[in-house]
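Engineer: Please find the sequence and the predicted model below.
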There are 2 protein chains.
Amino acid sequence: MAIPRAAQTLRRTRIQEEKEEIILEAALEVFSQRGFHGSTIDQIADVAGMSKPNLLYYFRTKEAMHRALIDRVLENWLEPLKAFDADGDPEEELCSYIRRKLEMARDFPRESRLFANEVLQGAPHIIGVLEGPLKELVDEKAEVIEAWIKAGKIRHCDPRHMIFSIWSTTQHYADFDVQVKAVLGPGQDGDDRFEQAAQFLEQLFVDGLIRPVDVALADS
Amino acid sequence: MAIPRAAQTLRRTRIQEEKEEIILEAALEVFSQRGFHGSTIDQIADVAGMSKPNLLYYFRTKEAMHRALIDRVLENWLEPLKAFDADGDPEEELCSYIRRKLEMARDFPRESRLFANEVLQGAPHIIGVLEGPLKELVDEKAEVIEAWIKAGKIRHCDPRHMIFSIWSTTQHYADFDVQVKAVLGPGQDGDDRFEQAAQFLEQLFVDGLIRPVDVALADS
DNA sequence: GTCTATAAGGCGATAGAC
DNA sequence: GTCTATCGCCTTATAGAC
């Protein structure tokens, strides 16, 4: 028996949730690859193994599907930055943040590309998130970094641009994966490039932002 | 008088070139903002101030327009990396490359987004360039950097991932401009963020890759 | 060279049977 | 809940007058 639409947002059956899960998984696959405008409901229906009208039974419009997907993915996406801790050791926190972000680029490239596509095209659906929750989160973490600077634990630098540089360098391996693989050539095994990236980036950020402050220059 | 299509590629009149110029400028505006699939010929025609059939007189298909645009923009886009010189001082070369790339992000953000859109969606139209000319160029520059490393002029690191990190950090300010502006907030005047980025990135890369090798740690 | 008109097909969304 | 059929719009591309 059909359940009225209004009730769906309040209480959903297990089956409904499973179907929505399948649809959103397919939507992630398609939206992340071709962007919102480049994607069609047909493509998503194909991937989901369902008919187009059936998809539109669960999500009334293409936009609703996209919005639901964004909402669903956004939480996990911001988690690494939230985990950034003021009490920890700066070098350890920095490295662990880089590592986490690289792992996400490796394990959840579609999520990264979903947001990249969105932001690249002007972020029409999430501009509110960027100016609200995201900005507040960055402001909060920027204060942590400022405190480290004032305490002499890391070099003086602009905390916000430091965060940008971590975002860009790590997400690059998800968003521009085709280019990375093309430039590195075919001699690579599996996920080697992520290991190499981790090593390079940890060195870059640690030596660039931390080491010169409190560690004497000993070995090369 | 209509000139046969076949002749257009061989010899074009000034007027034809000017018209094509206008169309490609409009195409850049639209394609860079919405990606290939999200863009319509109508939108490009509007921006160009011409009728849709008129556009299709100069470029027979939407794909042809896109291809011509990519070809046209690609040359300038690779120039900064080509200018990377083995004979120069590593610190100077590195800084000047970063500065150049940041200037391009500031002055030609549409070109950056055009490629970002393309690569993000799997680079269907330029995969050949990535695997051919781009890879070769990077290979060549990687050797320069390797030579610097062996000469003890910069720290040991992976040259290709070093190039990736410069690309990603600088292009971030073009491709994700909306997000950068949202996070930095409204208190910014004009292009301040590019100045801040230049300062941060030069410090990061110089201290992270060069200074520890041959400069004693004196001042903080 | 540029226009209006239109063909041909893709797409989002709905109708209604089951 | 899921299907087939279809509406109505948008988009690429062409035809043909000027």
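Structural biologist: Happy to help now that I have it.
Engineer: Could you pull out the helices in chain A for me?
Structural biologist: A:5-8, A:14-38, A:41-48, A:52-58, A:62-83, A:90-107, A:109-120, A:127-129, A:135-150, A:159-175, A:177-184, A:192-209, A:211-214 (DSSP state H).
Engineer: any chance of the ones you listed in JSON lines, plus mean neighbour count and distance to residue B:176?
Structural biologist: (Each C-beta comes from the backbone N, C-alpha and C, glycine too.) Listed next are those as JSON lines, based on neighbours: other Cβ atoms under 10 Å in any protein chain shown; distance: least, Cβ to Cβ, whole Å:
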{"stretch": "helix A:5-8", "mean neighbour count": "10", "distance to residue B:176": "35"}
{"stretch": "helix A:14-38", "mean neighbour count": "18", "distance to residue B:176": "15"}
{"stretch": "helix A:41-48", "mean neighbour count": "18", "distance to residue B:176": "26"}
{"stretch": "helix A:52-58", "mean neighbour count": "15", "distance to residue B:176": "30"}
{"stretch": "helix A:62-83", "mean neighbour count": "16", "distance to residue B:176": "14"}
{"stretch": "helix A:90-107", "mean neighbour count": "18", "distance to residue B:176": "15"}
{"stretch": "helix A:109-120", "mean neighbour count": "23", "distance to residue B:176": "5"}
{"stretch": "helix A:127-129", "mean neighbour count": "15", "distance to residue B:176": "12"}
{"stretch": "helix A:135-150", "mean neighbour count": "16", "distance to residue B:176": "13"}
{"stretch": "helix A:159-175", "mean neighbour count": "24", "distance to residue B:176": "8"}
{"stretch": "helix A:177-184", "mean neighbour count": "21", "distance to residue B:176": "16"}
{"stretch": "helix A:192-209", "mean neighbour count": "20", "distance to residue B:176": "18"}
{"stretch": "helix A:211-214", "mean neighbour count": "17", "distance to residue B:176": "28"}
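Engineer: and residue B:26, which of those helices is closest to it?
Structural biologist: helix A:14-38 (17.9 Å; Cβ to Cβ).
Engineer: Nearest residue to residue A:84 in space, please, no chain neighbours.
Structural biologist: Counting by Cβ to Cβ, 6 or more residues apart in numbering or on different chains, residue A:84 lies nearest to residue A:141, which is 5.2 Å off, once chain neighbours are set aside.
Engineer: and residue A:215, what pLDDT?
Structural biologist: If you check residue A:215, the pLDDT there is 47.
Engineer: Could you dump the helices of chain A into a markdown table with distance to DNA strand C added?
Structural biologist: Output for the helices of chain A, formatted as a markdown table (distance: least, Cβ to the nearest atom of the strand, whole Å):
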| stretch | distance to DNA strand C |
| --- | --- |
| helix A:5-8 | 11 |
| helix A:14-38 | 8 |
| helix A:41-48 | 4 |
| helix A:52-58 | 4 |
| helix A:62-83 | 4 |
| helix A:90-107 | 28 |
| helix A:109-120 | 15 |
| helix A:127-129 | 20 |
| helix A:135-150 | 30 |
| helix A:159-175 | 23 |
| helix A:177-184 | 22 |
| helix A:192-209 | 33 |
| helix A:211-214 | 51 |
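Engineer: so which of the ones you listed comes closest to residue B:172?
Structural biologist: Counting by Cβ to Cβ, residue B:172 lies closest to helix A:159-175 out of the helices of chain A; the figure is 3.7 Å.
Engineer: Got the domain ranges for chain A?
Structural biologist: Annotated domains of chain A cover A:10-60, A:74-213 [automatic domain parsing].
Engineer: for those domains, which one sits closest to DNA strand D?
Structural biologist: domain A:10-60 (3.2 Å; Cβ to the nearest atom of the strand).
Engineer: how about low-confidence regions in chain A?
Structural biologist: Scanning chain A for pLDDT under 70 picks out the ranges A:1-11, A:212-220.
Engineer: And the domains of chain A: which comes nearest residue B:120?
Structural biologist: Among the domains of chain A, the nearest to residue B:120 by Cβ to Cβ is domain A:74-213 (5.6 Å).
Engineer: How about the closest one and DNA strand D, any contact?
Structural biologist: No - with Cβ under 7 Å from any atom of the strand as the criterion, DNA strand D is not reached by domain A:74-213; the gap is at least 14.6 Å.
Engineer: one step back: now distance to residue B:151 too, for the helices of chain A, in TSV please.
Structural biologist: TSV is the format used below for the helices of chain A (distance: least, Cβ to Cβ, whole Å):
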stretch	distance to residue B:151
helix A:5-8	67
helix A:14-38	43
helix A:41-48	52
helix A:52-58	60
helix A:62-83	38
helix A:90-107	29
helix A:109-120	37
helix A:127-129	48
helix A:135-150	34
helix A:159-175	26
helix A:177-184	24
helix A:192-209	19
helix A:211-214	22
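Engineer: Report the separation between residue A:97 and residue A:205.
Structural biologist: Distance, residue A:97 to residue A:205, by Cβ to Cβ, to the nearest Å: 9 Å.
Engineer: er, residue A:22 I mean
Structural biologist: 39 Å.
Engineer: before we move on, what about residue A:20?
Structural biologist: Computed as Cβ to Cβ, the residue A:20 to residue A:205 distance reads 39 Å.
Engineer: So residue A:191 is in contact with residue A:103, correct?
Structural biologist: No - using Cβ atoms under 8 Å, residue A:191 is not in contact with residue A:103, being 10.2 Å away.
Engineer: For residue B:68, find the nearest of the helices of chain A.
Structural biologist: Proximity to residue B:68, assessed across the helices of chain A by Cβ to Cβ, is greatest for helix A:14-38 (20.3 Å).
Engineer: what angle separates the closest one from helix A:109-120?
Structural biologist: Counting by axes from the mean of the first three to the mean of the last three Cα atoms, to 10 degrees, helix A:14-38 lies at 50 degrees to helix A:109-120.
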